[in-house]
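Trainee: after the sequence you'll find the predicted model.
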Amino acid sequence: MAVIEPASHTSSPATSGPSAGTGPTVFLDKDGTLIEDLPYNVDPMRIRLAPGSRAAMRRLGAAGCRIVIATNQSGVARGYFTEADLAAVADHLAAELEGLGARLEGFYFCPHLPEGINEFAIDCSCRKPEPGLIRRAAVDLGIEPQGSWFVGDTWMDAMAGRAAGCRTIMVGPEHRDAASLPPDRRPDFAVPDLLAAARIILDGEAAGAAGAETVREVAR
Ligand SMILES: [Mg+2]
Ligand SMILES: [Zn+2]
């Protein structure tokens, strides 16, 4: 497991806005959730926010939510790119979010894969669906997973988030099939994109909603 402290993380939380730090923490998968999935891309110039992400980040940022990325990056174990390449990605995303009024508190990634070709070729406890990345981030940042959310686009994200104790939301094309997943892989909510997820998170906070028992499809 590895952590990158985004460059913007050095700014003082107390000065980032009137509502800074008052909203819940939102753990985010990166590829296919926050940004468009371009397999193994680490070129910042080719990174595009996913549909709905821009507005979602504005809303979550305005509500004072802390944003933490938790992403599987087996490209390191496969020898496709390095941890330094991921640091550039993290810095790029931190700057992008900052421009939208949101704050990237941490960028946690799993560089491992058992079938890899280098020292990262191990069976680890941080590759989602394992909850290791989220647990580590929660300890590092002093976050209570039970009061937090995990948003991702696959069952691995839902399973990791659930195992860590977060409320979970599935976005992207697979969200339509969420209800048919086994209970341990099933998200609490399933919606088309991150903007719809942000609405659930912010409405949930307003209503003091607890985790849902079953997947609920929420209209846009
Ligand atoms: Mg993904
Ligand atoms: Zn790992």
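Mentor: Okay, I see it. Ligands and ions are numbered 1, 2, ... in the order given.

Trainee: flag the shaky bits of the chain, pLDDT-wise.
Mentor: For the chain, the stretches flagged by pLDDT under 70 are 1, 5-21, 205-220.

Trainee: can you show me the helices along it?
Mentor: Applying DSSP state H to the chain gives helices spanning 53-62, 83-99, 132-141, 155-164, 194-207.

Trainee: state the distance from the nearest residue to Ile122 once chain neighbours are set aside to Ile4.
Mentor: Computed as Cβ to Cβ, 6 or more residues apart in numbering, the closest residue to Ile122 that is not its neighbour in sequence is His112, at 5.4 Å. To be clear about C-beta, it is placed using only N, CA and C from the backbone, and glycine gets the same treatment. Counting by Cβ to Cβ, to the nearest Å, the separation of His112 from Ile4 is 16 Å.

Trainee: how much space between the residue nearest the centre of the chain and Leu38?
Mentor: Geometric centre of the chain, nearest residue: Leu28, 1.0 Å, by Cα atoms, centre = their mean. According to Cβ to Cβ, Leu28 stands 17 Å off from Leu38.

Trainee: rewinding a little: what is the neighbour count of the residue nearest to Ile122?
Mentor: When neighbours are defined as other Cβ atoms under 10 Å, His112 has 22 of them.

Trainee: restricting to C-alpha, output stretch 100-119 in CSV.
Mentor: As requested, the backbone C-alpha atoms of stretch 100-119 are provided in CSV (Å, rounded to 0.1, in the frame of the first residue of the first chain):
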residue,chain,number,x,y,z
LEU,A,100,-13.7,23.2,-8.2
GLY,A,101,-13.6,24.1,-4.5
ALA,A,102,-13.0,20.6,-3.3
ARG,A,103,-10.1,19.3,-1.3
LEU,A,104,-8.2,16.1,-2.0
GLU,A,105,-7.1,15.0,1.4
GLY,A,106,-5.3,11.8,0.3
PHE,A,107,-4.4,9.6,-2.6
TYR,A,108,-4.2,6.0,-1.5
PHE,A,109,-3.2,3.3,-4.0
CYS,A,110,-2.5,-0.4,-4.1
PRO,A,111,0.5,-1.0,-6.5
HIS,A,112,0.3,-4.8,-6.1
LEU,A,113,-0.8,-7.8,-8.2
PRO,A,114,0.2,-11.4,-7.5
GLU,A,115,1.0,-12.0,-11.2
GLY,A,116,3.1,-8.9,-11.4
ILE,A,117,6.7,-8.8,-12.7
ASN,A,118,8.6,-6.9,-9.9
GLU,A,119,8.7,-6.4,-6.1
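
Trainee: cool, thanks, signing off.
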